[in-house]
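1. next input, structure requested:
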Amino acid sequence: MQQRDITRGILAVLFASTLGVLLIACVVGGGVYLWARQEGLSPLTAIRLRISLMRHEDALTAPAGSDPQYRRFEVRPGDTAYTIAANLDATGLISDADLFVDYVRYHRLDDDLEAGTYFLQQTSTLEQIAYALTDASAASITFGTLPGWRLEEVAQNAVGGNPLLSFGSADFMAVVSPGTAIPPAFKARFGIPDLLSDGRPPSLEGFMFPGEYKLPPDASAASLVEALLTGFNNAITDAMIQGAAGQGLTLYQALTLASIVQREAVALDEAPLIASVYLNRLRRGMKLDADPTVQYAIGMRDGRWWPNLTGEADYYALESAQPNHMYNTYLKRDGAPLAELLPPGPICSPGLTAINAVLNPAQTEYLYFRSCDNLRHVFTTSLAEHSAITCP
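-> Model prediction:
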């Protein structure tokens, strides 16, 4: 009897201990689940993923690399979180594909990853990239051009130098070169002729309005040009077109002259003075003798689109030496009509400062200017004064 009582006592203690352990396990397990709980996940999955994220917390907040260059990244329809993670890893945008999958699963982002084109940086964290991939509509391409660039420079620098664009320099040149289709209303508003004085149809030289643009990921060469033309159209007011007429010019002629001013005015505060010189010469039937028109006529030389000019051969060479020699204003003749004294069209895309300088020039009698430091100019009213300038 005593033995049975002892046995019962031991069993009672064991039962109580086991029950206590189970209760503790339930409490602890419940606490762990409450700590890891994520709606839509089973308890074991939630716990496993939460533990994985805790173990790799440093990797979640550390970028995969130090290259800040944006990279084009595509999520195709039907791509799973595993596929996306593998592609991100292969592109160098993340360093742990499995951790990415665990992160988006735990935070319930796996069903929110959107198909589309994104522009991502290696310097972003895994967490930032995961959330970025939930909104394809936020992706855009930043595109910028500078005043004074000719079409080839826009193609080379702004298009060819932008790895996010899905088209290249040749595609851009194909839609801006002579003979390109120009919207009729645009053409009429700015007085663009059907044929230029060199016998060619006009290009879009002069109209690639400088500035910064936001483009959609699927931008094409044609849609880029449309954005640039819209920028120009919005910047030029009807009052400015009337201002050109007040100077005896069409807007296209004013833009042509402004493109020369843009290339001459290194210090832009001189632009109204430089514009006054050229307008004074035109009103007297004098050749413009503008060096930038010679550079444009020569084109690319020594790896430069605006080559240094050296000697009479540069200023007065024809044809093969200057493929666009009709633009060279040194080859014009004094006394010719205004339309013949100007180049056939713009030589670059000027900014608003140069355009407004032509529309609102300084009131001077200057006919000449010369620079000794390739920055600022000395302005004179006669050839004798001009010739007397000596540079140190």
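
2. centre of the chain to the helix or strand harbouring L44, how far?
-> Here L44 sits within helix 43-55, counting by DSSP states H and E. Taking C-alpha atoms, centre = their mean, to the nearest Å, one finds the center of helix 43-55 at 43 Å from the center of the full chain.

3. over to stretch 119-134?
-> The answer for stretch 119-134 is 21 Å, by C-alpha atoms, centre = their mean.

4. do I have it right that D289 meets Y330?
-> Yes - D289 is in contact with Y330 according to C-beta atoms under 8 Å; the separation is 5.5 Å. In this view, the C-beta of every residue, glycine as well, is placed from N, C-alpha and C.

5. leaving out the residues flanking it, which one is nearest to E74?
-> Take E74 and drop its neighbours on the chain: the residue closest to it by C-beta to C-beta, 6 or more residues apart in numbering is T117, 5.7 Å away.

6. go on, G211?
-> Leaving aside its chain neighbours, G211 sits nearest to G231 (6.0 Å; criterion: C-beta to C-beta, 6+ apart).

7. was I right to think that neighbour contacts F209?
-> Yes - counting by C-beta under 8 Å, F209 is a contact partner of G231 at 3.9 Å.

8. what is the neighbour count of L53?
-> Counted with other C-beta atoms under 10 Å, residues neighbouring L53 total 19.

9. ok, it to L88 distance?
-> Distance of L53 to L88, given as C-beta to C-beta, to the nearest Å: 17 Å.

10. same question, Y296
-> Distance, Y296 to L88, by C-beta to C-beta: 46 Å.

11. cool, A321 as well?
-> Using C-beta to C-beta, A321 is found at 53 Å from L88.

12. so these two - more neighbours on which side?
-> The residue with more neighbours, out of A321 and L88, is L88; 24 against 13, by other C-beta under 10 Å.

13. report all helices and strands that the next helix-or-strand element following the helix holding L44 contacts.
-> Next helix or strand after helix 43-55 toward the C-terminus (DSSP H and E): helix 57-61. The contact analysis (3 or more C-beta pairs under 8 Å, 6 or more residues apart in numbering; DSSP states H and E) places helix 57-61 against helix 97-106, helix 126-132.

14. give me the contact list for the last one.
-> Taking contacts as C-beta atoms under 8 Å, 6 or more residues apart in numbering, the residues outside helix 126-132 that touch it are 59-61, 64, 88, 93-94, 96, 99-100, 103-104, 107, 109, 118, 120, 124, 138.

15. for the residue nearest the centre of the chain, give me phi and psi.
-> Centroid-nearest residue in the chain, with C-alpha atoms, centre = their mean: F143, separated by 1.4 Å. Phi and psi for F143, reported as degrees, to the nearest 10, are phi -130, psi 130.

16. quick check: closest non-adjacent residue to it.
-> Y213 (4.6 Å).

17. and for T256?
-> Nearest residue to T256 in three dimensions, chain neighbours excluded: P346, at 4.9 Å (C-beta to C-beta, 6+ apart).
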